[in-house]
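Visitor: Have a look at this prediction, sequence included:
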Amino acid sequence: MARGSRGGRYRALGERHPEVVAAYEALTAACRDAGPLGAHEVALLKVAISIGRGSWRSVHAHARKALEAGASPEALRHLVLLSLPTIGLPATLDAQKWVEEAIAEREPALDS
């Protein structure tokens, strides 16, 4: 499958193992709901964690979710900039590229 096609693989996993996907989604919800952070904050934190992990797939997915939760493109760009002193320039440039791709994917939907 092409890069960025996790949705298709996730759906296929759910078709083969619906109980596993249901358990994963329940765990995700339980973790999200276990504390005081709102959806917007959780979404930005998940982008930050994904950047720190260096996972283009997770950065894309969580940046899209952050935009859907109300984060602005500028907030995502600031988050990338904040990662610079911790993860270094090359990793930050990768993260910048991934976030910009997610923003570009989302922007046509914002114009509709």
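Guide: Received the coordinates, thanks.
Visitor: Now do the helix of greatest length in the chain: which elements does it pack against?
Guide: The residue-count maximum for a helix in the chain (DSSP state H) belongs to helix 89-111. Of the remaining helices and strands, those touching helix 89-111 by 3 or more CB pairs under 8 Å, 6 or more residues apart in numbering; DSSP states H and E are helix 39-53, helix 56-68, helix 73-87. For the C-beta atoms, the positions are set from N, CA and C on the backbone; glycine is no exception.
Visitor: give me that answer again for 7 Å
Guide: In terms of contacts (3 or more CB pairs under 7 Å, 6 or more residues apart in numbering; DSSP states H and E), helix 89-111 is packed against helix 56-68, helix 73-87.
Visitor: got the contact list for it?
Guide: Applying CB atoms under 7 Å, 6 or more residues apart in numbering, the contact partners of helix 89-111 are 51, 54, 56, 59-60, 63-64, 67, 73, 76-77, 80, 83-84.
Visitor: Show me which residues of it are buried.
Guide: Using 16 or more other CB atoms under 10 Å as the test for burial, helix 89-111 gives 92, 94, 95, 96, 98, 99, 101, 102, 103, 106.
Visitor: hang on, the earlier thing: which one of the helices and strands packed on helix 89-111 lies closest to residue 12?
Guide: Across those, residue 12 has its closest neighbour in helix 56-68 (15.3 Å, CB to CB).
Visitor: So what's the residue count around residue 22?
Guide: Look at residue 22: counted by other CB atoms under 10 Å, it has 11 neighbours.
Visitor: Got the domain ranges for the protein?
Guide: 1-35, 37-111 (automatic domain parsing).
Visitor: looking at those domains, which is buried most?
Guide: domain 37-111 (a mean of 16; mean count of other CB atoms under 10 Å).
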